[in-house]
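# Dropping the sequence and predicted coords here.
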Amino acid sequence: MTDDNEKCRVCKAFERFYIKGDKRFKPVDSGLCRETRTMVNVKDSCEKFAQRRIGKRLHGRTRYYLNELLLQITALRCLMEEDMYGQNEE
């Protein structure tokens, strides 16, 4: 028996399946393994297991991209306001 931390549910190659509920998507106990290209259970394990990276790095990356998007949106807003005010003056 393998360690509980080496289950498919924490493998980076595992993509869980979801079903649509009334208000949100609900996880199913099976998914797709991208390494073996087969359907597996969350409690399964194999020799190709690789720990999924979870942590602050993801949050930092998300903050970075959100900040970049906000900067682009702000720049577009400024351009639109300049164009709008330029048309009003004419």
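Good, I have the coordinates. This structure is a prediction, so every number in the text was calculated from the model and none was measured. Residues are numbered from 1 along each chain as shown.
# C-alpha only now, for contacts and for neighbours.
Noted.
# average model confidence for the longest strand out of those in the chain?
Longest strand in the chain, counting residues (DSSP state E): strand 25-33. Mean pLDDT, strand 25-33: 90.
# now do stretch 51-61
69.
# Can you give me the end-to-end span of it?
One end of stretch 51-61 to the other measures 19 Å (C-alpha to C-alpha, to the nearest Å).
# Stretch 28-40 too?
First-to-last residue span, stretch 28-40, C-alpha to C-alpha: 11 Å.
# And that stretch, how far out from the chain middle?
On the basis of C-alpha atoms, centre = their mean, to the nearest Å, stretch 28-40 sits 17 Å off its chain's mean C-alpha point.
# sorry, back to before: show me what the longest strand of the chain is packed against.
With contacts defined as 3 or more C-alpha pairs under 8 Å, 6 or more residues apart in numbering; DSSP states H and E, strand 25-33 has these neighbours: strand 14-20, strand 38-41.
# okay, now the domains of the protein?
1-53, 55-90 (automatic domain parsing).
# Redo those domains as JSON lines? Include mean neighbour count.
Formatted as JSON lines, the domains of the chain follow (neighbours: other C-alpha atoms under 10 Å):
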{"stretch": "domain 1-53", "mean neighbour count": "14"}
{"stretch": "domain 55-90", "mean neighbour count": "11"}
